[in-house]
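Asker: I'll drop the sequence and a predicted model, then ask my questions.
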Amino acid sequence: MKKQVKKPISKNIIEIGPGLKEDQIILATETSCDETSAAVVLNGRTVLSNVVASQIETHRKYGGVVPEVAAREHLETINIVIEEAIEKANIKIEEVRAFSATVGPGLVGALLVGLNAAKTLSLIYDKPFIGINHLNAHVCANYLESDFEPPFICLLISGGHTQLIRVNSYSNQELLGETLDDAVGEAYDKVARLLGLPYPGGPMLDKLAKEGDKNRFKFTEAKVNKYDFSFSGLKTAVLRLIQSFKDQEIPKADIAASFQETVSSILLKKTLQAAKDSNINQIALAGGVAANSEIRRKLFKQEQEGFRVNAPAMKFCTDNAAMVASTAYFLSNIMEELDIEVFSRVKQFNKHN
């Protein structure tokens with residue numbers, strides 16, 4: 001479980017990860033999209049601080065994230081956030097064993113801000129730098145303030161990704177299936193716009209769905225491989241349904257509830273299929289959409305069927321640096337070269353159908 005990492009100036013090799021007797025503190029940054037975050041985490045699980053500066057209000061007037069605006073706000077905020085994270089953790093920066101940052105996927109300009117901040121600290125204090133894949137970090141959010149551990153099936157759902165992952169060990173993750181078009185969060189946002197809901201659309205649709213009849217409208221599930229997903233057709237079906245009302249009042253709550261029922265049922269069915277096929281009785285949620293109330297309710301209901309279900313605390317579902325620090329501690333397949341470059345898109349798992 002331990003991995004060897006190199007200090008950038010002295011070139012000394014040190015070890016990081018489970019199995020070492022001494023405590024290990026990792027300071028991480030996360031700036032992949034529209035949250036500027038810095039966190040200090042002890043031994044991959046104990047969050048000493050997790051500071052997040054959200055840009056939701058800034059982007060609300062645009063109806064979505066504007067990459068150039070996001071990068072500029074990260075630049076204005078990153079040093080303040082790092083200083084606050086160190087202060088709240090009540091540590092001296094010399095106690096940090098390694099610095100870490102999200103390398104991708106994400107918005108390139110935004111990623112560069114957090115990455116360069118962490119690299120700079122690594123050079124100044126001659127401590128190892130560890131680059132982290134954002135999707136791996138969402139999976140590892142399940143280890144924060146928890147004793148949850150592999151093996152488990154992870155349903156990773158966010159604005160840009162929908163994946164079913166078999167986590168065999170801390171360092172071994174296999175992609176079983178993914179979306180072939182829209183991600184879950186993307187579908188939520190698009191349907192929310194069709195219903196005239198304000199940004200951010202996903203949480204607003206979730207709230208509206210609680211007021212509606214989830215059985216009023218039936219939507220067809222796309223026919224794809226058993227572990228893969230497709231939501232673009234569902235989005236189109238909602239559009240046509242809305243258009244069919246013409247001059248009549250649109251039953252927005254019922255449409256939202258029916259859409260959410262369809263999506264959550266598809267996610268549940270495929271996750272359970274993967275768990276049963278893999279003979280694994282642990283299921284985990286990850287990603288920003290893991291905060292959705294109906295998806296969480298359906299998954300946690302499976303505890304009545306003998307599954308152990310885990311989901312990060314709400315504050316660790318959306319983008320945050322604590323999950324990045326946890327990943328730097330637990331994962332062995334890390335990126336530790338200081339000349340590592342950011343990337344916008346990547347598939348980090350081997351896919352098994």
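Answerer: Arrived safely.

Asker: break the chain down into its domains, please.
Answerer: What the record gives for the chain is the domain set 3-145+317-351, 152-310, from automatic domain parsing.

Asker: now do the end-to-end distance for the last one.
Answerer: Spelled out, that is domain 152-310. The straight-line separation of the ends of domain 152-310 (Cα to Cα, to the nearest Å) is 10 Å.

Asker: before we move on, the earlier item: so can I have JSON lines of the domains of the chain showing mean neighbour count and mean pLDDT?
Answerer: Placement of C-beta: from N, CA and C, glycine included. Shown next, in JSON lines, are the domains of the chain (neighbours: other Cβ atoms under 10 Å; pLDDT from 0 to 100):
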{"stretch": "domain 3-145+317-351", "mean neighbour count": "20", "mean pLDDT": "91"}
{"stretch": "domain 152-310", "mean neighbour count": "19", "mean pLDDT": "96"}
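
Asker: ok now do Gln55, which residues does it touch?
Answerer: Shown in contact with Gln55 (Cβ atoms under 8 Å, 6 or more residues apart in numbering): Asp34, Glu35, Thr36, Val65, Val69, Ala70, Glu73.

Asker: quick check: it vs Leu175, distance?
Answerer: Separation of Gln55 from Leu175 (Cβ to Cβ, to the nearest Å): 30 Å.

Asker: next: Glu15.
Answerer: 29 Å.

Asker: can you check Val342 too?
Answerer: Going from Val342 to Leu175 by Cβ to Cβ gives 21 Å.

Asker: do the same with Ile78
Answerer: According to Cβ to Cβ, Ile78 and Leu175 sit 31 Å apart.

Asker: which residues in the stretch 101-250 of the chain form strands?
Answerer: For the stretch 101-250 of the chain, the strands defined by DSSP state E, counting those that start in this stretch cover 129-133, 152-157, 162-169, 172-178.

Asker: closest to Gln282 out of the ones you listed?
Answerer: Taking Cβ to Cβ, strand 152-157 is the member of these nearest to Gln282, at 3.7 Å.

Asker: tell me how far the closest one lies from the chain's centre.
Answerer: 11 Å (Cα atoms, centre = their mean, to the nearest Å).

Asker: try stretch 108-119
Answerer: 18 Å.

Asker: contact partners of it?
Answerer: By Cβ under 8 Å, 6+ apart, stretch 108-119 touches 27-34, 36, 67-68, 70-71, 74-75, 78-79, 82, 99-104, 129, 131, 338, 340, 342-344.

Asker: please redo it, this time with the cut-off set to 7 Å
Answerer: With contacts defined as Cβ atoms under 7 Å, 6 or more residues apart in numbering, stretch 108-119 is touched by 29-33, 67-68, 70-71, 74-75, 78, 82, 99-104, 129, 338, 342, 344.

Asker: which element is Thr262 on?
Answerer: Counting by DSSP states H and E, the element that carries Thr262 is helix 252-278.

Asker: sheet-wise, list the partners of the helix or strand just after that helix with their directions.
Answerer: Using DSSP H and E, the next helix or strand after helix 252-278 towards the C-terminus is strand 282-286. Next to strand 282-286 in the sheet, as set by DSSP bridges, lie strand 152-157 (parallel), strand 308-310 (parallel).

Asker: out of those strands, nearest to Pro251?
Answerer: Between Pro251 and the strands paired with strand 282-286, the shortest gap by Cβ to Cβ is with strand 152-157, which sits at 26.0 Å.

Asker: hey, what's Leu285 bridged with?
Answerer: For Leu285, the beta-bridge partners under DSSP bridges are Leu155.

Asker: likewise Thr162?
Answerer: Bridge pairing for Thr162 - DSSP bridges - gives Ile157.

Asker: so it touches Phe229, yeah?
Answerer: Yes. Using Cβ atoms under 7 Å, Thr162 is in contact with Phe229, at 5.1 Å.

Asker: got any residues that touch both of those two?
Answerer: With Cβ under 7 Å, 6+ apart as the test, Thr162 and Phe229 both reach Glu178, Thr179.

Asker: out of all residues in this structure, which is the farthest from the middle?
Answerer: Asp247 (40.1 Å; Cα atoms, centre = their mean).

Asker: which ones are touching that one?
Answerer: By Cβ under 7 Å, 6+ apart, the contact list for Asp247 is empty.

Asker: what are the phi and psi values at it?
Answerer: The phi and psi values for Asp247, taken as degrees, to the nearest 10, are phi -90, psi 0.

Asker: distance check, the nearest residue to Ser293 once chain neighbours are set aside against Asn168.
Answerer: Distances taken as Cβ to Cβ, 6 or more residues apart in numbering place Asp206 nearest to Ser293, at 5.7 Å, with adjacent residues excluded. According to Cβ to Cβ, Asp206 stands 32 Å off from Asn168.

Asker: which residues sit against stretch 153-161?
Answerer: If you take Cβ under 7 Å, 6+ apart as the criterion, stretch 153-161 is touched by 135, 138-139, 163-167, 183-186, 189, 267, 271, 274-275, 278, 280, 283-290.

Asker: thinking again about what came up before, ok, the contacts of Gln55 vs Val224, which is closest?
Answerer: Val65 (28.0 Å).

Asker: show me what contacts the residue nearest to the spatial centre of the chain?
Answerer: For the chain, Gly287 is the residue whose C-alpha lies nearest the centre (Cα atoms, centre = their mean; 3.1 Å). Taking Cβ under 7 Å, 6+ apart as the criterion, Gly287 is in contact with His138, Leu156, Ile157, Ser158, His161, Cys317.
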